[in-house]
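S.K.: please find the sequence and the predicted model below.
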Amino acid sequence: MSDFTPAQTGRATAEPRPVRYLLIGGTTVFVALFLFAPLLTVFTEALADGWRSALAALSLPDARAAARMTLSIAAIAVPLNAIFGLAAAWAIAKFDFSGKAFLITLIDLPFSVSPVVAGLMLVLLFGANSSLGVWLMANDMRVVFAFPGILLATLFVTFPFVARELIPVMIEQGRTEEEAALTLGASGWRTFLTVTLPNIRWALLYGVLLCNARAMGEFGAVAIVSGKIRGKTATMPTMVEMFYNEYLSVAAFSLAAVLAMLALLTLLLKTLLEWRHADLLAATRLH
Amino acid sequence: MFRTIQIGAHALAQGTFVRNLGDGRIEIETGHATRQTGRPVTPAQIDKPIASPWQKTLGATPRRGVIAAAAAIGIAFAGAMPASAQDSVEILNVSYDPTREFYREYNELFNDWWTAQGNAPVTIQQSHGGAGAQARAVIDGLEASVVTLALSADIDTIAERTGRIPEDWQSRLPHNSSPYTSTIVFLVSEGNPRAIKDWNDLIRADVSVITPNPKTSGGARWNFLAAWAYAARNGLDPAEFVGALYRNVPVLDTGARGSTTTFTQRGIGDVLLAWENEAFLVLDELGETAFDIVVPSVSILAEPPVTLVDGNIASDAQRKAAKAYLEYLYSPEAQALALRHRYRAWDTSLAAPEDIARFPKLDLVTISDFGGWPVVQPEYFGENGIFDQIYEE
């Protein structure tokens, strides 16, 4: 297989051997220094007093409450954003209407807005200084500094992930297959389940994974709307900061290590998907 | 034939019957060419409590199971929170940064005493951050039952903006509603390499100073005023002196704890202007061999006040518990605890002698020397106040 090295065939894109090694080596060193080393520090700090104290730190009531909070938020935000993302991608890819470009820009908004601004927006909208906030409080409904506020903040920052993955795929596929199904008498719902969904499932899953990673890791927007109530509105990322600020570095880094492992698991799943379904992904994904 | 089988303690699966295995179990096909075996369940059994609706779907296909689990968590959350609020009294103490360790212990002390009085235990929740930022959160709707902040100006702001605290709140409890006091000292690296002795060393060109932002941190405002008092006492121009000091500040964190970690963990700066209790805490946590405390010639008596947020109280039971929570701060037991956490508390009757001996004697100015917080807050720290003018330079 390797009989023909680029140098021998003289392809235009081939670089001389030293340049190649320099580029590969440079990238490896950079990744090791700036990505792997900090990650490793998190794990060594977490295990500084042995794995027993790391485990003990994770079973602290505050840590458990934070983990529950983060998992519940992700369990609600991710399916909701998967549905919203699907609907948005469907509308953009399958229909023609004026203002389509504007809608795509709008979907990208959470990517360009700083999470701090997103959090403050929610506080201004639902806080005690807005008429909506006053009405909500009068009717005993809590939004900011409670579960719904954190959920809204997470929904906002993770909104584009699924839609962003689906839109190019669905535009690429066009609507001929759906039109064929409809002319054959299938209902809209059946067309979606048997024609559209199988075509986009890998892109959808990929979007869901990215969305989930961000939903569990979001700090900025959540920190503003959480009110930092220990054991009640603290999520894993905000709890990490609190532990760190209280000199409980083993607890802080143990929790950070769990977050990092969740992220690594997501990446692993993604890689597995890409490896097992390389051909399908190549056919359905554009980047 | 469509059959339902039990495949685990809590999981059921449904599918078309394939064959009978002879030992009481059957094999079914559940779709996607997967087969599962288990004991058949009659429809009557399915309705039994063991198999709630979502457990049934959990066995069916993985995807449906995930959605069902998500829904169940949502329901559990929606259901659990109001229920627990009714069962016991909850109070939320919104506090500033360096009180974390003190209130963690005080909450236990209070609950022990409170239950010994024949009351049901109270669930006490804590929230900590820069005092100004915490006051802002209460104004924006964070439902604090009590606030225990770094200075009275922050509580005045809440009273003024929301009306949830009466204007005369500071006279409701002894000592201007400050159960404990503190002061501002310097924290330096072991051995004091830059030879920092007093405030005038902080304006030297070779010294970098760490202090939080007076706009968001109560401690930072005490730092500012202590520096101001030093300049005024020593015949210097206070505005010029404090301006020179802030030109030596590389980062302004939002709260005292943020500044402490900037100095101690990230190693930025030569001196940290810190609450006395915070400085002692650093020595306790990070070892007396790493840092030294330097006591300046003049400092300020910092009075962190506490009060009930009347407008956020939902029930009489909550009011009773929250009032007792604040009043018990003045008990000899709680005062001893505050002294152990390096606060200068008033009642020393139950305190350990070493907890009292620890405090260095120093010349303390008070906020009334500046005219009180209602004057100081707008003049020094308000919009276009003295701090803004100094910091713009």
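M.R.: Nice, I can see it.

S.K.: in stretch B:284-301, what counts as buried?
M.R.: For stretch B:284-301, burial by neighbour count (16 or more other C-beta atoms under 10 Å in any protein chain shown) applies to B:291, B:292, B:293, B:294, B:295, B:296, B:298, B:299, B:300, B:301. For the C-beta atoms, the positions are set from N, CA and C on the backbone; glycine is no exception.

S.K.: using JSON lines, lay out the residues you listed together with distance to residue B:103 and pLDDT.
M.R.: Converted to JSON lines, those look like this (distance: C-beta to C-beta, whole Å; pLDDT from 0 to 100):
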{"residue": "B:291", "distance to residue B:103": "24", "pLDDT": "93"}
{"residue": "B:292", "distance to residue B:103": "27", "pLDDT": "92"}
{"residue": "B:293", "distance to residue B:103": "23", "pLDDT": "92"}
{"residue": "B:294", "distance to residue B:103": "28", "pLDDT": "94"}
{"residue": "B:295", "distance to residue B:103": "26", "pLDDT": "93"}
{"residue": "B:296", "distance to residue B:103": "28", "pLDDT": "94"}
{"residue": "B:298", "distance to residue B:103": "30", "pLDDT": "93"}
{"residue": "B:299", "distance to residue B:103": "24", "pLDDT": "94"}
{"residue": "B:300", "distance to residue B:103": "23", "pLDDT": "94"}
{"residue": "B:301", "distance to residue B:103": "21", "pLDDT": "92"}
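
S.K.: chain A next: which of those residues are close?
M.R.: When C-beta under 8 Å from any C-beta of the partner chain is applied, no member of the buried residues of stretch B:284-301 is adjacent to chain A.

S.K.: pick the one among those residues closest to residue A:129.
M.R.: Nearest to residue A:129 among the buried residues of stretch B:284-301 is residue B:300, at 32.2 Å by C-beta to C-beta.

S.K.: can you pull the contacts of the closest one?
M.R.: For residue B:300, the contact set (C-beta atoms under 8 Å, 6 or more residues apart in numbering or on different chains) comprises B:183, B:184, B:222, B:225, B:226, B:229, B:364, B:365, B:366, B:367.

S.K.: what residues does the stretch 251-393 of chain B put near chain A?
M.R.: Close to chain A, as judged by C-beta under 8 Å from any C-beta, the stretch 251-393 of chain B has residues B:257, B:258, B:261, B:281, B:285, B:286.

S.K.: end to end on stretch A:27-47, go ahead and measure it.
M.R.: The first and last residues of stretch A:27-47 sit 29 Å apart, counting by C-alpha to C-alpha, to the nearest Å.

S.K.: re the thing from before, could you dump the buried residues of stretch B:284-301 into a markdown table and include secondary structure?
M.R.: Converted to a markdown table, those look like this (DSSP: H, G, I helix; E, B strand; the rest coil):
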| residue | secondary structure |
| --- | --- |
| B:291 | strand |
| B:292 | strand |
| B:293 | strand |
| B:294 | strand |
| B:295 | coil |
| B:296 | coil |
| B:298 | strand |
| B:299 | strand |
| B:300 | strand |
| B:301 | coil |
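
S.K.: ok, so of these, who is nearest chain A?
M.R.: Nearest to chain A out of the buried residues of stretch B:284-301 is residue B:291 (C-beta to the nearest C-beta; 13.1 Å).
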